[in-house]
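Asks: Take this sequence and fold it.
(one chain, ligands or ions: 1)
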Amino acid sequence: MGGLRWDIFCHVVDNFGDIGICWRLATQLAARQQSVRLWVDEPSALAWMAPAGCPGVQVLAGSGADVAYEPGDIVIAAFGCPLPPNVLAAMVRAGQQRDRRVGWINLEYLSAEPYVARSHGLASPVPGGAAAGVHKWFFFPGFTADTGGLLREPDLLQRRLRFDRAAWFASQGIAWAGEPVVSLFCYEPPVLDQWLAAMAQSPRRLLVTDGRAASALRGALAAMPASWNRDQALKISFLPLLSQVEFDHLLWAADANFVRGEDSLVRALWSGAALVWQAYAQSDAAHHAKLDAFLDWLHAPASLRRYHRIWNGIEIAPLPDIEMTQWRAVVEAARARLLAQEDLVSRLLGFVAEKLVK
Ligand code: TRH
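Replies: Numbering: from 1, shown residues only. Just a heads-up that it's a prediction; the model follows:
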């Protein structure tokens, strides 16, 4: 399929995931000769996340509501982002004037729950309003072949294999002497103090990402008893906000990654190191089922399940030990299963070619 013109609409709710995922999608489409406009109401995070920009991706600040919008070929509404009435009206008009409609795809949140495969690829005609008659399609990322898959650049694994860990630490100004490395990208896990105490039981390097994780860790550090890390077994490095490329390197540099949300979970899977995930808290505790479904898919052993339940505040109990070797093997096996499948952008291009652009 030749290059199409894509508009991705992104509304930043909170945190970094909305824009982070949209940026990865935009750049991976551009790498496959697609032309992309990324409309984002709050683009400020891109200044540190993607300082170099990307050829083929144009970032437009705003929702698109106050411009004379001219549609391209495909509109992606990320995570149910509402499309402004002028955008919808322009899509309808373009569909009447051209010989084909503007494709409208809702990119959904990632989950391993069974509803994903059932709902992926369904269409829903819009019954009324500015976009009456237009078809909206639902595209669900997921972990299995019957879903929309996961974002993965074609050269990702080769780059990961070539990664020079010692050189990366030197580039970050961190004096790493070969000690085991743990990265921390989390919200506010209820057991951070216990976790810190456990981390300090043997020599380790802790890499703390900037933002909520750093604030939470600083809070926990302030409350630790004076003796908790007397021998300085645990060395802590607070990182600045990293570009997405460097964020991946951080995950590759670690032996265990504590990640959160959506994008960092996927990137931690690609890294192949042991991982612990903190799910984004949803109302009605909907994230509990999401966590369980992910652990089922991962074939997580009992020790890793228990650890997740405690880390996510679902079970109140002392944190068990990290089973580094076993948990790493679980992630490596899961990664191998994923690598046997197509990535999200390949599936999206296939979907568009089959359903929307004949
Ligand atoms: O920031 P998050 O918690 O985002 C979340 C989730 O996406 C969640 O599903 C969504 O509902 C909520 O936001 C609104 O975690 P996530 O998804 O891992 O996104 C983090 C992004 O930030 C990821 O693209 C990596 C990027 N990042 C960097 O590039 N550099 C950094 O230094 C850091 C800390 C993050």
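Asks: Closest residue of the stretch 1-150 of the chain to the ligand?
Replies: Gly17 (1.8 Å; Cβ to the nearest ligand atom). In this view, the C-beta of every residue, glycine as well, is placed from N, C-alpha and C.
Asks: Contacts only, for that residue.
Replies: Each residue near Gly17 by Cβ atoms under 8 Å, 6 or more residues apart in numbering is listed here: Gly261, Glu262, Asp263, Tyr280.
Asks: Could you tell me the per-residue confidence at the nearest residue to it once chain neighbours are set aside?
Replies: Closest residue in space to Gly17, ignoring its immediate chain neighbours: Gly261 at 4.4 Å, by Cβ to Cβ, 6 or more residues apart in numbering. pLDDT, Gly261: 98.
Asks: Start at 94, not 1
Replies: Let's use 94 as the start, then, which means that last one is Gly354.
Asks: Can you tell me how far Gly354 is from the ligand?
Replies: Gly354 is 2 Å from the ligand, where distance means Cβ to the nearest ligand atom, to the nearest Å.
Asks: And for Asp324?
Replies: Asp324 is 29 Å from the ligand, where distance means Cβ to the nearest ligand atom.
Asks: And the pLDDT for that residue?
Replies: At Asp324, the pLDDT recorded in the model is 91.
Asks: Next: Met94.
Replies: As predicted, Met94 sits at a pLDDT of 62.
Asks: Confirm for me that Gly196 is in contact with Val445.
Replies: Yes - using Cβ atoms under 8 Å, Gly196 is in contact with Val445, at 6.1 Å.
Asks: What residues does the closest residue to Ile167 other than its chain neighbours make contact with?
Replies: In space, and not counting its chain neighbours, Ile167 is closest to Gly196: 4.4 Å by Cβ to Cβ, 6+ apart. By Cβ under 8 Å, 6+ apart, the residues touching Gly196 are Asp166, Ile167, Val168, Trp230, Val445, Lys448, Leu449, Val450.
Asks: Also Gln190?
Replies: Applying Cβ under 8 Å, 6+ apart, we find Gln190 in contact with no residue.
Asks: Quick check: neighbours shared by Gly196 and Val445?
Replies: Jointly contacting Gly196 and Val445 under the rule Cβ under 8 Å, 6+ apart are Ile167.
Asks: circling back to that earlier point, format the contacts of Gly110 as a markdown table; extra columns: neighbour count, distance to Met184 and secondary structure.
Replies: Formatted as a markdown table, the contacts of Gly110 follow (neighbours: other Cβ atoms under 10 Å; distance: Cβ to Cβ, whole Å; DSSP: H, G, I helix; E, B strand; the rest coil):
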| residue | neighbour count | distance to Met184 | secondary structure |
| --- | --- | --- | --- |
| Gly354 | 22 | 30 | coil |
| Glu355 | 23 | 27 | coil |
| Asp356 | 24 | 28 | helix |
| Tyr373 | 17 | 30 | coil |
